[in-house]
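Colleague: no sequence on this one, just coordinates:
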């Protein structure tokens, strides 16, 4: 076993020694010819409206006085006052709460027993009804647990058991 391990290490060393050599290949963009490539000139965009000018100064550490001052444009966004915004209704429609009436109920991915079981609920658990399918299955959500799926409507009641 030790011989095989030493043979494996020697083989890996030889592969890295031969395959890891640098033969002077150059990556694209790193050669001297590529570094002198012509760069596009910066675009100057003029504002359609007047802009505020801000004076900036650079200081030299010896004198602590401005060496030179330059003027840079500051573009401020235009803010127009908005008349009164319409009221946005943020409340959700009132959800119907039902309770599990059977001893145990399977929550499924789809509205049929052909779909896989996602979770299992026990008697008395409160669930929120999202909608009711035509075949009698109910789309439910349990907000605290993040459970959502389908349950047979026959296994639910409007009052707590």
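Modeller: Yes, it's here. Remember, it's a predicted structure, so these values are computed and weren't measured experimentally.
Colleague: any idea which helix or strand comes after the strand or helix carrying residue 73?
Modeller: Using DSSP states H and E, residue 73 maps to strand 66-74. The element immediately downstream of strand 66-74 (helix or strand, assigned by DSSP H and E) is strand 96-100.
Colleague: Each with direction, which strands does that next one pair with?
Modeller: Here strand 96-100 is paired, per DSSP bridges, with strand 126-132 (antiparallel), strand 156-157 (antiparallel).
Colleague: TSV please, covering the ones you listed and showing mean neighbour count.
Modeller: For every residue, glycine as well, the C-beta is placed using N, CA and C. Converted to TSV, these look like this (neighbours: other CB atoms under 10 Å):
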stretch	mean neighbour count
strand 126-132	15
strand 156-157	16
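Colleague: Mind checking these for the one nearest to residue 149?
Modeller: strand 126-132 (9.9 Å; CB to CB).
Colleague: Check the model's average confidence along the lengthiest helix in the chain for me.
Modeller: The longest helix of the chain (DSSP state H) is helix 2-19. The average pLDDT within helix 2-19 is 87.
Colleague: just checking, what packs against that helix?
Modeller: Packed against helix 2-19 by the contact rule (3 or more CB pairs under 8 Å, 6 or more residues apart in numbering; DSSP states H and E) you find no helix or strand.
Colleague: show me where pLDDT drops low in the chain?
Modeller: Within the chain, the segments meeting pLDDT under 70 span 21-71, 79-94.
Colleague: Please repeat the previous calculation with a cut-off of 90.
Modeller: By pLDDT under 90, the low-scoring segments of the chain are 1-2, 4, 12-97, 125-126, 131, 133-134, 141-148, 158-161.
Colleague: Could you look up the SS state of the nearest residue to residue 145 once chain neighbours are set aside?
Modeller: Excluding the flanking residues, the one nearest residue 145 by CB to CB, 6 or more residues apart in numbering is residue 119, at 7.7 Å. Using DSSP: H, G, I helix; E, B strand; the rest coil, the structure places residue 119 in strand.
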